[in-house]
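Novice: Next comes the sequence, and after it the predicted model I'd like to discuss.
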Amino acid sequence: MIATPLVKTAAAPHPHPNDFERKRIERALKARKRYRYVSPSVVEVAGGYRIQSPCCSRNIDPEGRIIDIALLIYDANRVAWQLFRKDHVKAVWEADSTFDRLVELLALLNADPERKFWQ
């Protein structure tokens with residue numbers, strides 16, 4: 001019998017998405033300042049998470065359907081979180097800011113003082 005050597009595998013270059021962080025984001029969104037009466041959802045995407053929510057203000061979608069709120073991408077090379085906001089007119093994601101820690105990103109997203117996300 002030949003012994004199989006123990007092989008260490010390198011850490012995944014993109015540790016996101018994962019259930020732990022998705023649930024952490026879901027819990028954090030409960031503390032948001034705007035549109036607290038809707039239930040946003042956190043969708044796993046390659047390298048991060050997309051936040052969606054019903055459009056209660058009817059500013060983006062007059063029918064009140066689900067719209068994109070934010071895109072959170074983990075950049076493993078920079079060891080940083082990138083926050084994107086949706087330009088609903090052009091239907092593209094625009095870079096907003098970069099954070100060292102997810103908790104800092106979520107604090108800005110929850111406060112949204114300039115109404116860039118929760119419209």
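Specialist: That came through, no problem.
Novice: What segments of this protein are helices?
Specialist: 19-29, 102-111 (DSSP state H).
Novice: Need the ones you listed in a markdown table (columns: mean neighbour count).
Specialist: Quick note: C-beta positions are derived from backbone N, CA and C, even for glycine. Shown next, in a markdown table, are these (neighbours: other Cβ atoms under 10 Å):
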| stretch | mean neighbour count |
| --- | --- |
| helix 19-29 | 15 |
| helix 102-111 | 17 |
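Novice: now those helices in TSV, with distance to residue 117 and mean pLDDT?
Specialist: Below are these laid out as TSV (distance: least, Cβ to Cβ, whole Å; pLDDT from 0 to 100):
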stretch	distance to residue 117	mean pLDDT
helix 19-29	11	94
helix 102-111	6	95
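Novice: Serialize those helices to TSV and add fields for distance to residue 78.
Specialist: Output for the helices of the chain, formatted as TSV (distance: least, Cβ to Cβ, whole Å):
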stretch	distance to residue 78
helix 19-29	17
helix 102-111	13
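Novice: who wins for proximity to residue 53 among those helices?
Specialist: helix 19-29 (8.8 Å; Cβ to Cβ).
Novice: got a pLDDT number for the residue most central in space within the chain?
Specialist: The centroid of the chain falls nearest to residue 72 when counting by Cα atoms, centre = their mean (3.3 Å). Note on residue 72: pLDDT of 97.
Novice: Likewise for residue 100?
Specialist: 95.
Novice: related to what we said a few turns ago, out of the helices of the chain, the one nearest residue 66 is which?
Specialist: It's helix 19-29; of the helices of the chain, that one is closest to residue 66 (Cβ to Cβ) at 14.7 Å.
Novice: wait, the residue nearest to the centre of the chain sits on residue 49?
Specialist: Yes - here residue 72 reaches residue 49: they are 4.8 Å apart, a contact under Cβ atoms under 8 Å.
Novice: what sits in contact with each of the two?
Specialist: Contact criterion Cβ atoms under 8 Å, 6 or more residues apart in numbering; residues shared by residue 72 and residue 49: residue 25.
Novice: Now do the strands for the protein: every range, in order, please.
Specialist: Assigned by DSSP state E, the chain shows strands spanning 41-45, 48-54, 66-75, 80-87, 92-99.
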